[in-house]
Structures are given as C-alpha cells and as structure tokens.
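1. Pasted the sequence and its predicted model underneath.
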Amino acid sequence: MNSAKIGRRSLLGAAGLLMARPLHAWAAGAKPRVTIQTDHGAIVVELEAEKAPITAANFLRYVDARKYDGGAIYRASRARGTPGGGSIQGGPSVRARRFAPIAHESTRTTGLRHKAGTISMARNAPGSATADFFICASPMAYLDAHPGAPGDNQGFAAFGAVIKGLDVVRKILALPTDGTPLTPGMKGQMLNPPVAILGMTRVR
C-alpha cells in the first residue's frame, strides 16, 4: 500500500472520537486570521470563511473558547520520496470538551485544494469532524475529494492556509516520531514528545 493511502486512512481514523453542533455561515468581509503559538514557534493561518463557512466558523469557535490552549500537535506524517513533504496534525487536550460534529464541506464544493500550507480538518466518516486539524507541508492532492473513486472519496475539508510560519510546520514535521501510535497505520508518525500548543488567538 502506498504512503498516500496510508496517510489518508490514518487521517480518517485520527478524528474518530471527536464531537460540535452545526454552525451558520461566516459573515462576508476580511478573512479571519489566527496565530497558532507552539513551543517551536508561531504559525499564522488565514481562513477561507466565505468558501468554507461551516468549517472556518467551527475552528474559530474552538479558538474563541480557548479549547486549543494546552493542546498539542501530536503527529507528523512524512510523505515518502518527497523531502520535506507531508503533514502535521494537532488538536485540543484530551480533557477539553468538544462541540458536536459539523457537516462536511468537500473541496468539490469549496474549490479549495490541499496545497503546501493548507489547513484542513481531520475526520473519520464525513460529518464527524470536530476540532482536530492538520496542516500540509507540501501539496497533497489525494486528500481532495475525488468523486467516482472507490470507497470514501469525499476528501477532507480544507478551510484556510498558512500565511506565516510554514518553516515552523516543516520543522515540526522533521521532529522525532517514535511515539506510541494511536492506530497501526500511525506507526512512526507520533511525535515524541508532542509539540505543545501554547495558545491560539485571532489576529483579526
């Protein structure tokens, strides 16, 4: 099985226990920005609140409730044969109470794509995403929706992009990953130790 299929399956499984009530579309205007402050540096993401209103509003809801503070980036999935390629994944502390799952916003409807710097939601089945997210360090087109493909072909809900700190993403991606896997497919992908999320705040 190739690394793309393994990575996709692992992302599906990583968010299986996460739970947020459906949200209304985000108001039009300047794109919201959020600083993800980690103990390895800051990452600033700009959210596509008009193209992916449900997913962006859900992320901001967790940010505003300070639920990511004290969480961690716990996984680094490196793409085989692509130096510096792959994604990092994080979420709130296991003690944080999660909101109910949100509806899935497919890349087919939003027009967004999993490129270098894209921030997207981890999930199990479509409509199960809550708070865990991942950031692509390289283009990962296989995470987009692929109608007509076998199995779960709805992809993941991209909802923004890194505008500052992609070097931090890549630095985290290169950290040791010999932690205890959550699933067999995550073997060799769990950061040890995890990277602490010190806090998340809106820049605007």
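-> Cool, the structure landed.
2. From now on I want contacts and neighbour counts done on CA atoms only, so please keep to that.
-> Noted.
3. All the strands of this structure, residue numbers only.
-> Assigned by DSSP state E, the chain shows strands spanning 33-38, 41-47, 72-78, 86-91, 118-121, 133-136, 157-164, 190-202.
4. and the ones you listed as JSON lines, adding mean neighbour count, distance to residue 171 and mean pLDDT?
-> Listed next are the strands of the chain as JSON lines, based on neighbours: other C-alpha atoms under 10 Å; distance: least, C-alpha to C-alpha, whole Å; pLDDT from 0 to 100:
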{"stretch": "strand 33-38", "mean neighbour count": "20", "distance to residue 171": "12", "mean pLDDT": "98"}
{"stretch": "strand 41-47", "mean neighbour count": "22", "distance to residue 171": "9", "mean pLDDT": "98"}
{"stretch": "strand 72-78", "mean neighbour count": "25", "distance to residue 171": "10", "mean pLDDT": "98"}
{"stretch": "strand 86-91", "mean neighbour count": "25", "distance to residue 171": "10", "mean pLDDT": "98"}
{"stretch": "strand 118-121", "mean neighbour count": "26", "distance to residue 171": "16", "mean pLDDT": "98"}
{"stretch": "strand 133-136", "mean neighbour count": "25", "distance to residue 171": "12", "mean pLDDT": "98"}
{"stretch": "strand 157-164", "mean neighbour count": "24", "distance to residue 171": "13", "mean pLDDT": "98"}
{"stretch": "strand 190-202", "mean neighbour count": "19", "distance to residue 171": "11", "mean pLDDT": "98"}
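5. Distance to residue 111 for these - can I get that in JSON lines?
-> Below are the strands of the chain laid out as JSON lines (distance: least, C-alpha to C-alpha, whole Å):
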{"stretch": "strand 33-38", "distance to residue 111": "20"}
{"stretch": "strand 41-47", "distance to residue 111": "14"}
{"stretch": "strand 72-78", "distance to residue 111": "24"}
{"stretch": "strand 86-91", "distance to residue 111": "20"}
{"stretch": "strand 118-121", "distance to residue 111": "13"}
{"stretch": "strand 133-136", "distance to residue 111": "17"}
{"stretch": "strand 157-164", "distance to residue 111": "9"}
{"stretch": "strand 190-202", "distance to residue 111": "24"}
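6. Among the ones you listed, which comes closest to residue 108?
-> strand 157-164 (9.6 Å; C-alpha to C-alpha).
7. ok, residues contacting that closest one?
-> Residues from elsewhere that reach strand 157-164, judged by C-alpha atoms under 8 Å, 6 or more residues apart in numbering: 42-49, 51-52, 55-56, 104-107, 112-114, 117-121.
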